[in-house]
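A.B. asks: need coordinates for the following:
(chains A and B)
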Amino acid sequence: DAGITQSPRHKVTETGTPVTLRCHQTENHRYMYWYRQDPGHGLRLIHYSYGVKDTDKGEVSDGYSVSRSKTEDFLLTLESATSSQTSVYFCAISETPPGGAGANVLTFGAGSRLTVL
Amino acid sequence: KQEVTQIPAALSVPEGENLVLNCSFTDSAIYNLQWFRQDPGKGLTSLLLIQSSQREQTSGRLNASLDKSSGRSTLYIAASQPGDSATYLCAVVGTSGTYKYIFGTGTRLKVLA
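C.D. replies: Model prediction:
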């Protein structure tokens, strides 16, 4: 987990409340990602960023928004949390895009466990 | 649509055994494949990254192979140890989606002392 920190690590909230998860990196990597991990589904990409203020949707982006105002921080916001968003959320970073000949490894944070009651 | 499958979902072996974990993917048009390890309650740690032009990669007791034409990768662990107990996941990046790793659901390995 060196170089990448997620906060909070655990959160319990109620349906309808807003939630923001933070990912902070000290590696100066350009690419950042938010995944969710659920039993039976594996890891699924929510949103990703390819630079400051440059973000795009992944495969399960509905109900989530992201922002990246600085290289080191990538925020994931649930505007109005629902029980279906109960999950473990992982942030990941990479120095280069996953595709292409020069692809680098994907480095993950320790995860944020979110429970929506 | 790319799908990644890992069978078996769980595996128990005695310490010292050599073992093979399997990863299958449906679309052979990939940039690369990566193997990860996940310990309970922790994030994923990258073990090996194989580019599409490579056939295998090695790191210590680990060896990963890639056969794009058959849509398969294997992770070989030599002389397994209890510390190898974890969930192992593979992920591929298809040529149609530069930023998107598609993950398998993993194989949960338990090495018995």
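
A.B. asks: okay, CA-based contacts and neighbour counts for the rest of this
C.D. replies: OK.

A.B. asks: residues of chain A that sit close to chain B?
C.D. replies: Proximity of chain A to chain B is assessed by C-alpha under 8 Å from any C-alpha of the partner chain, with A:1, A:40-45, A:48, A:58, A:90, A:97-101, A:103-111 identified as the residues in range.

A.B. asks: from these, which land in strands?
C.D. replies: Cross-referencing the residues of chain A next to chain B against strands under DSSP state E gives A:42, A:43, A:44, A:45, A:48, A:90, A:107, A:108.

A.B. asks: is residue B:71 in contact with residue B:29, as I believe?
C.D. replies: No: in this structure residue B:71 lies outside contact range of residue B:29 using C-alpha atoms under 8 Å: 9.2 Å.

A.B. asks: got the residue ranges for the strands in chain B?
C.D. replies: Using DSSP E, the strands of chain B run over residues B:4-5, B:10-14, B:19-25, B:30-38, B:44-51, B:56-59, B:62-67, B:72-77, B:86-94, B:101-103, B:107-112.

A.B. asks: including mean pLDDT, could those go into a markdown table?
C.D. replies: Conversion of those to a markdown table gives the following (pLDDT from 0 to 100):
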| stretch | mean pLDDT |
| --- | --- |
| strand B:4-5 | 95 |
| strand B:10-14 | 96 |
| strand B:19-25 | 97 |
| strand B:30-38 | 94 |
| strand B:44-51 | 94 |
| strand B:56-59 | 95 |
| strand B:62-67 | 97 |
| strand B:72-77 | 97 |
| strand B:86-94 | 94 |
| strand B:101-103 | 91 |
| strand B:107-112 | 97 |
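
A.B. asks: give me whichever of the ones you listed is most buried.
C.D. replies: Mean neighbour count (mean count of other C-alpha atoms under 10 Å in any protein chain shown) peaks for strand B:86-94 among the strands of chain B, with a mean of 26.

A.B. asks: return the residues of chain B in contact with chain A.
C.D. replies: Taking C-alpha under 8 Å from any C-alpha as the test, the list of chain B residues beside chain A reads B:31-32, B:34, B:41-46, B:49, B:51, B:93-95, B:97-106.

A.B. asks: if you set the cut-off to 10 Å instead, what comes out?
C.D. replies: B:30-36, B:41-53, B:89, B:91-106 (C-alpha under 10 Å from any C-alpha of the partner chain).

A.B. asks: dump the residue contacts of residue A:51.
C.D. replies: When the contact criterion is C-alpha atoms under 10 Å, 6 or more residues apart in numbering or on different chains, the partners of residue A:51 are A:29, A:30, A:31, A:32, A:68, A:69, A:70, A:71.

A.B. asks: what would the residues you listed look like in a markdown table with neighbour count and pLDDT?
C.D. replies: What follows is those, written out as a markdown table (neighbours: other C-alpha atoms under 10 Å in any protein chain shown; pLDDT from 0 to 100):
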| residue | neighbour count | pLDDT |
| --- | --- | --- |
| A:29 | 15 | 93 |
| A:30 | 16 | 93 |
| A:31 | 23 | 93 |
| A:32 | 30 | 96 |
| A:68 | 20 | 97 |
| A:69 | 12 | 96 |
| A:70 | 11 | 96 |
| A:71 | 20 | 96 |
